[in-house]
Every structure is written in C-alpha cells, then in structure tokens.
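Colleague: let me see the structure of the following:
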Amino acid sequence: MKKIIILNGSRRKNGNTTKFINCIINKLPKNKYEVEWIFPQDYNIMPCTGCNLCFTKIKCILNDDIELLQNKILNSDLFIAASPVYIHYMTADLKRILDRISWWTHTYRLQGKPVIIISTCSSNGFDTVLTSLSNIITFMGGNVVATSNASELPNQINNNSWLDEVSLEISKRIEYYINIPCKSNKFIEKYFSNMKILMLKRNEFYNSTKEYKEDRELTYWKETGMLYSDSFENYLKLKYKKEEV
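Modeller: Residues are numbered from 1 along each chain as shown. Below is the predicted model of the structure:
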C-alpha cells in the first residue's frame, strides 16, 4: 500500500487547510493509500541552534522528535506540505521543521519524491507560501507536481464547485505520480548542476590538502552516486534500475 504523509503547518486541526486537503484525499480510491497526518504541535521540535553540526554529523545534537519526522517523510511515497498564510509566509511551526532539516537542501534528500504544496489564506497572499515552499522543496530534491491556494475572499474554500474541480485535478496527479518512479524536473536540474559544481570543488580541495574535515554533504553525494552523474534525472533512472534488479 502506498504511503502519503501530510505535514500541515496549521495549529487549527479542523481549519481551512485541513478542509482543503481532505477534499483532495477524499477523491482518492478508498483503502488504496495509507494516509498519515502530521501536525507540528503534536511533536517536540526544538528551534535550530545554528551550530551547523547537522551538515557533519549523522544525528542532530538536539534530543527531540525531528528524526522521527524525517523518517516519516523519507519513507513516504508522496509528500503533501501545507500551511495557511501568516504575514505572507508559512507558519513558524512549519518553518521550524524545515530549518531543522536544512542540510537536505544541499543533498537532494527527497530524491525526486512527488510533492504537493497546499496553502490557504483569507484575502491576500495567494502565492506567497506556494512560491517559497515550492522553492525549498525543490532545493531538497522534491518533485513538486501540484500547487494550489484556497482563499476565503474571493470565495474558494467554501465554494464546493471550485473545491471539487481543483481537488479532483490534484487527486489525479497524486494517482499518477505516486505509482511511477520518482522523477526530476527542469527546476531541480538547474539547482543540481550548480550544486554539483560546488561539490566537485569541495572534493578537489579535500583531495589536495591534509586539512580534511568531515563533510556530511559531500559524503552523501559520493555514497549515492550523485557526484558522478551528469544529471539528476539520469541519476534517478540508474537508482531505480538498480532497485528493480
């Protein structure tokens, strides 16, 4: 059974963001997918201290639930990230989680996983969360396959016709992308090429000096094989070909 993880940054568990996501999930075939909701307030997530040790060590030095959330996201087949608009941005709860997994933005840790981005707002900020969150997910290697905002003004969140139409389209994309191998896109490829240059320079530097320090990011690029691939798409194709054998 395919697994869908929903990370909802809202503290209102029965609010507009949940309502919008439920409209999407309810359009999926029953008993075909395992769906798990994550609300940040249900977990102990400490603020990032900015020590940068997450870039060099296997585990964060903070003793909380961040590793549990990481594993839930990584073990899913499709990831839904959602937030209401707070001052033209995502909620502090959601941002705190993203801060704690910041090393993913240099390592493509989502590995082409399909991701849906959802936001809700009152009367403005229609795309502020969608744009910022989509960029972050792309930097993490997530393949953003659908984004949508539902507002109160103009009336969308309480407009059943609008909700049905948009939710149906997103549910169709979920059905398609969750059942195929993870993919890249042009936005991921652009970032991948830039990051690969940086990683190659790091590797060259460490090979030419005795002052080597532990570099978790470079190690991950080597161990996965990304460092030796000419594109992220070709890397993913080789990765899933090996898994099929």
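Colleague: ok, longest helix in the chain?
Modeller: In the chain, taking DSSP state H as the definition, the longest helix is helix 186-207.
Colleague: quick one: residue 116 is in a helix?
Modeller: No: read with DSSP: H, G, I helix; E, B strand; the rest coil, residue 116 is strand and lies in no helix.
Colleague: if we can go back for a sec, what does the longest helix of the chain contact?
Modeller: Contact partners of helix 186-207, identified using C-beta atoms under 8 Å, 6 or more residues apart in numbering, comprise 106, 108, 112, 138-139, 141, 143-144, 184, 212, 215, 217-218, 221-222, 226-227, 231-233. Yep, even glycine has a C-beta here, placed from its N, CA and C like the rest.
Colleague: do you know how far the residue lying closest to residue 43 once chain neighbours are set aside is from residue 5?
Modeller: Using C-beta to C-beta, 6 or more residues apart in numbering and skipping residues adjacent in sequence, the residue nearest residue 43 is residue 65, 4.1 Å away. Using C-beta to C-beta, to the nearest Å, we find residue 65 at a distance of 14 Å from residue 5.
Colleague: which one of these two has more residues nearby?
Modeller: The neighbour comparison of residue 65 against residue 5 (other C-beta atoms under 10 Å) goes to residue 5, with 21 against 17.
Colleague: partner strands of the particular helix or strand that has that one in it, parallel or antiparallel?
Modeller: Per DSSP states H and E, residue 5 falls inside strand 2-8. Strand 2-8 has the following sheet partners, assigned by DSSP bridges: strand 33-38 (parallel), strand 78-84 (parallel).
Colleague: ok and the helix or strand that the longest one is followed by relative to strand 2-8, angle-wise?
Modeller: So that's strand 78-84. Downstream of strand 78-84, the first helix or strand assigned by DSSP H and E is helix 92-100. Put simply, helix 92-100 runs at 120 degrees to strand 2-8, going by axes from the mean of the first three to the mean of the last three C-alpha atoms, to 10 degrees.
Colleague: elements contacting helix 92-100?
Modeller: Helices and strands touching helix 92-100, by 3 or more C-beta pairs under 8 Å, 6 or more residues apart in numbering; DSSP states H and E, are helix 66-74.
Colleague: got the contact list for residue 145?
Modeller: Per C-beta under 8 Å, 6+ apart, neighbours of residue 145: 114-116, 173, 177.
Colleague: quick check: the farthest pair among those residues?
Modeller: Comparing every pair within those by C-beta to C-beta identifies 115 and 173 as the most remote, at 10.8 Å.
Colleague: SS state for residue 64?
Modeller: With three-state DSSP as the criterion, residue 64 reads coil.
Colleague: residue 77 reaches residue 1, doesn't it?
Modeller: No: with contact defined as C-beta atoms under 8 Å, residue 77 does not count as touching residue 1 (9.2 Å).
Colleague: more neighbours: residue 115 and residue 173, which one.
Modeller: Each of residue 115 and residue 173 has its neighbours counted (other C-beta under 10 Å); residue 115 has more, 25 against 15.
Colleague: and the closest residue in space to residue 54 that isn't next to it in sequence, helix, strand or coil?
Modeller: Spatially, and ignoring its direct neighbours in sequence, residue 54 is nearest to residue 103 (4.9 Å; C-beta to C-beta, 6+ apart). Following three-state DSSP, the label given to residue 103 is helix.
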